[in-house]
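[1] dropping a prediction and its sequence here:
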Amino acid sequence: MWLDFVSNPKEIADIYDEVPALSDVTVTMMKITKNELSVFIELDSFPDHYPPDQKGNNTCNIELGFKNVDKVYFSGWEVDGRFTFKLSKVNSRVKMFGQSDRCTVSLICDEVSILSKGFYITDNND
């Protein structure tokens with residue numbers, strides 16, 4: 001489970017009874033800053049336990065932050081595709097591999113954390 005590699009899993013574990021996989025998800029943004037890469041992902045299911053003021057929303061978006069990044073690889077480009085992400089341990093570091101039909105991204109980092117989460121309405125969820 002991808003959450004096993006995240007430094008602050010309670011951010012997601014507390015709002016989902018069953019945490020959604022990072023398979024066939026929509027990426028809304030990737031951002032690269034000094035030694036960090038962030039990926040904004042729309043999860044495929046709405047949380048079971050969400051703040052009361054979020055009633056009526058149907059999408060949960062999380063920002064995964066990958067800190068102290070090196071060995072970054074990008075190939076291709078995808079605008080509307082669906083990605084699958086896998087996290088694994090490489091020695092004491094974390095490897096991220098993400099792929100869609102036309103794009104591949106991978107990296108090695110020291111830490112993965114949930115930097116933010118948000119709720120909103122999209123027309124692609126029921």
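    On my side now, so go ahead.

[2] wait, doesn't Glu78 sit right on Gly98?
    No: look at Glu78 against Gly98 with Cβ atoms under 8 Å: they stay out of range, at 9.9 Å. Heads up, the C-betas are built off the backbone N, CA and C, glycines and all.

[3] between these two, which one's more packed in?
    Gly98 (22 against 16; other Cβ atoms under 10 Å).

[4] quick check: bridge partners of that one?
    With DSSP bridges as the criterion, Gly98 is bridged to Phe85, Val105.

[5] list the contacts of it.
    When contacts are counted by Cβ atoms under 8 Å, 6 or more residues apart in numbering, Gly98 touches 27, 39, 83-86, 104-106.

[6] just to revisit the earlier point, list residues touching both of Glu78 and Gly98?
    With Cβ under 8 Å, 6+ apart as the test, Glu78 and Gly98 both reach Val27.

[7] circling back to that earlier point, would you list the contacts of Gly98 in a markdown table and tack on distance to Leu3 and neighbour count?
    Shown next, in a markdown table, are the contacts of Gly98 (distance: Cβ to Cβ, whole Å; neighbours: other Cβ atoms under 10 Å):
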| residue | distance to Leu3 | neighbour count |
| --- | --- | --- |
| Val27 | 18 | 21 |
| Val39 | 15 | 23 |
| Phe83 | 17 | 21 |
| Thr84 | 16 | 13 |
| Phe85 | 12 | 19 |
| Lys86 | 13 | 15 |
| Thr104 | 23 | 14 |
| Val105 | 20 | 21 |
| Ser106 | 19 | 16 |
